[in-house]
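Visitor: what's the 3D shape of this:
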Amino acid sequence: VTKMNDMAQHNTKIENDLATMRQQLQTSQNGQESASIVAELNAKLAAASQTENQLRNDLASSSEALRQMESTVEQANADIARFAQEKAFQESQLASASAALEAEKSQKEQFQIQ
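Guide: Reported below is the predicted structural model:
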């Protein structure tokens with residue numbers, strides 16, 4: 001988003017520069033000065049286009065990196081859910097084993113009383 005804002009600001013600056021140069025071109029009396037202004041306009045347009053392409057490439061790279069991070073987070077969430085299931089299963093087994101021990105202890109106490 002910041003890069004898109006930067007791109008918009010950069011493009012606005014270039015558009016303003018181009019408008020100024022066009023105005024200079026219209027008021028110019030000297031043909032050589034006009035050609036120089038046209039060459040400068042073309043150079044600025046080429047630079048703006050290159051900057052725009054670089055920003056688009058950066059945005060595409062950032063989007064891909066974000067997709068990869070989202071995938072990693074999804075995998076981590078799946079791992080957490082799996083670990084939670086394993087923990088619940090182990091706690092259930094522990095509770096069953098504990099109950100079985102208590103039952104066995106109670107039976108031994110009953111047997112000793114008799």
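Visitor: Please enumerate the helices of this structure.
Guide: Along the chain, counting by DSSP state H, helices occupy 2-27, 31-113.
Visitor: per-stretch mean pLDDT over the ones you listed, give me the minimum one.
Guide: Lowest mean pLDDT of these: helix 2-27, a mean of 78.
Visitor: relative orientation of that one and helix 31-113 in degrees?
Guide: Put simply, helix 2-27 runs at 170 degrees to helix 31-113, going by axes from the mean of the first three to the mean of the last three Cα atoms, to 10 degrees.
Visitor: Tell me how many other residues surround the closest residue to Gln24 other than its chain neighbours.
Guide: Leaving aside its sequence neighbours, Gln24 sits nearest to Ile37 (Cβ to Cβ, 6 or more residues apart in numbering; 5.7 Å). Yep, even glycine has a C-beta here, placed from its N, CA and C like the rest. Look at Ile37: counted by other Cβ atoms under 10 Å, it has 19 neighbours.
Visitor: doesn't Leu18 make contact with Ile37?
Guide: No - with contact defined as Cβ atoms under 8 Å, Ile37 does not reach Leu18; the gap is 10.3 Å.
Visitor: which residues do these two both contact?
Guide: Common neighbours of Ile37 and Leu18, using Cβ atoms under 8 Å, 6 or more residues apart in numbering, do not exist here.
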